[in-house]
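# this is the structure alone, sequence omitted:
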C-alpha cells in the first residue's frame, strides 16, 4: 500500500510539470483529425445504425414503448446518441493509449528515470520490436474482448463496469511493459508481475475509470452535435492527460518495485547490477594483509 500511494502522489505531482503538460498535447493533433473526421462522416450513419439495432431488439423496444406511453417521449432520441457515445469512447481510449505509448511513454519514463532511478542498471529485457508487438497483441486482445462484450453495454450497470475493466487491463499490460523494458530483465519483469499483479491491475482499473470521465463532456447528444469542434478536442486532451498520469503512475510503481526486488536479492549498486562483494572474515588468512616481499 505504501508503494501504491507513493507512486500515485508522485505521478500526480509530475503531471503538473510544464514538460508533461506539453507532452500531453502531442496525441491531440492526430486524434483531433481522427475524431473530427469520424464525427463529420459517420455521426449520422452511426446513429441510424444504432437506432435500427435497438429497434430490432423486441424486449428493449417493448420497454421503450412502455416508457413512451408513460410520458418519456424523448427517451429514444436521447438514448441513441448516448449509446453511440459510449460505444465510440473505448475506441478513442484505445487510440489514445497507443498514441501515448508511442509518443509519450518513452519521454515520461526517461523523465522518471533521470529524476529518481538513474542508479538502476539497464538489463534490456526487450527491444523496440518486442515492445511494439506486445502493445499490438494486447490491443488486439482488448478489442476482441470489447466486441464480444458489446451486447452487455446495453445494460446500464454493465455499461459502467465492462469497458473500464477492459482498458484497465490493457493499460496494465502495455504500460508496465514499457516502463520495465529497458531496465528489467525478462525474469525480473515476470517476477514483478507475479508479486504486484493485484496492485498493478488496481491501478489499471482505477485509471480506466478516470479515462471514462471525459465522456461526461458528451453527456448530451444535442450539446455534442452543436459543440462538436469544441468538446472533442477538450475530451481528447483530457484523455491524453489521464494517460500521461497513468503512464507516470505505472512507471513510478514499476521502477520502485524493480529497485526493491534488486535490493532484496542484494544486487543493487550505483550504475550497475552485480553481486555485492562479501565482507572478508577477520580470521581468514586471505583477508589479512601480507608483509611485502623483500
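Great, that's in hand. Since we're looking at a predicted model, the values are computed, not measured. Residues are numbered from 1 along each chain as shown.
# would you map the strands across the chain?
In the chain, no strands are found when defined by DSSP state E.
# mind naming the longest helix for it?
In the chain, with assignment by DSSP state H, the single longest helix is helix 228-265.
# now do the buried residues in that one.
Using 16 or more other Cβ atoms under 10 Å as the test for burial, helix 228-265 gives 228, 231-233, 235-259, 261-262. Every C-beta, even on glycine, is put in place using the N, C-alpha and C of the backbone.
# stretch 137-154 now?
Neighbour-count burial for stretch 137-154 [16+ other Cβ under 10 Å]: 138-139, 142, 145-146, 149, 153-154.
# make CSV from the residues you listed and add distance to residue 16 and pLDDT to it.
Shown next, in CSV, are those (distance: Cβ to Cβ, whole Å; pLDDT from 0 to 100):
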residue, distance to residue 16, pLDDT
138, 29, 87
139, 29, 84
142, 30, 86
145, 34, 87
146, 33, 82
149, 36, 82
153, 35, 72
154, 39, 71
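# format the residues you listed as a markdown table; extra columns: distance to residue 119.
Formatted as a markdown table, those follow (distance: Cβ to Cβ, whole Å):
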| residue | distance to residue 119 |
| --- | --- |
| 138 | 30 |
| 139 | 33 |
| 142 | 35 |
| 145 | 39 |
| 146 | 41 |
| 149 | 43 |
| 153 | 46 |
| 154 | 52 |
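# tell me if I'm right that residue 105 and residue 175 touch.
Yes - the pair residue 105 / residue 175 is scored as a contact, 6.7 Å apart, by Cβ atoms under 8 Å.
# between the two, which contacts overlap?
Jointly contacting residue 105 and residue 175 under the rule Cβ atoms under 8 Å, 6 or more residues apart in numbering are 247, 251.
# burial count for residue 159?
16 (other Cβ atoms under 10 Å).
# against residue 142, how distant is it?
Taking Cβ to Cβ, to the nearest Å as the criterion, residue 159 is separated from residue 142 by 17 Å.
# same question, residue 252
Distance from residue 252 to residue 142, by Cβ to Cβ: 24 Å.
# any idea of the mean pLDDT for the longest helix of the chain?
What helix 228-265 shows for mean pLDDT is 83.
# which neighbouring elements make contact with that helix?
Judged by 3 or more Cβ pairs under 8 Å, 6 or more residues apart in numbering; DSSP states H and E, helix 228-265 is in contact with helix 2-15, helix 18-23, helix 26-56, helix 75-99, helix 105-116, helix 162-180, helix 186-212.
# distance to residue 127 and mean neighbour count added to the ones you listed, as TSV?
TSV is the format used below for the helices and strands packed on helix 228-265 (distance: least, Cβ to Cβ, whole Å; neighbours: other Cβ atoms under 10 Å):
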stretch	distance to residue 127	mean neighbour count
helix 2-15	26	15
helix 18-23	23	14
helix 26-56	23	15
helix 75-99	18	19
helix 105-116	13	18
helix 162-180	12	24
helix 186-212	11	18
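# make TSV out of those helices and add mean pLDDT and distance to residue 124.
Output for the helices and strands packed on helix 228-265, formatted as TSV (pLDDT from 0 to 100; distance: least, Cβ to Cβ, whole Å):
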stretch	mean pLDDT	distance to residue 124
helix 2-15	93	23
helix 18-23	88	24
helix 26-56	71	26
helix 75-99	66	23
helix 105-116	90	14
helix 162-180	84	11
helix 186-212	87	10
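# can you tell me which of those helices comes nearest to residue 123?
helix 186-212 (6.9 Å; Cβ to Cβ).
# the closest one to helix 228-265, inter-axis angle?
Orientation of helix 186-212 against helix 228-265 (axes from the mean of the first three to the mean of the last three Cα atoms, to 10 degrees) gives an angle of 150 degrees.
# quick one, helix 186-212 and helix 162-180 angle?
140 degrees.
# can you pull the contacts of residue 265?
Contacts for residue 265 (Cβ under 8 Å, 6+ apart) come out as none.
# distance of it relative to residue 130?
Applying Cβ to Cβ, the value for residue 265 to residue 130 is 24 Å.
# wait, residue 117 sits on residue 257?
No - using Cβ under 8 Å as the test, residue 117 is too far from residue 257 to be in contact (11.1 Å).
# on that earlier part again, so can I have a markdown table of the helices and strands packed on helix 228-265 showing distance to residue 123?
What follows is the helices and strands packed on helix 228-265, written out as a markdown table (distance: least, Cβ to Cβ, whole Å):
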| stretch | distance to residue 123 |
| --- | --- |
| helix 2-15 | 21 |
| helix 18-23 | 26 |
| helix 26-56 | 29 |
| helix 75-99 | 26 |
| helix 105-116 | 13 |
| helix 162-180 | 9 |
| helix 186-212 | 7 |
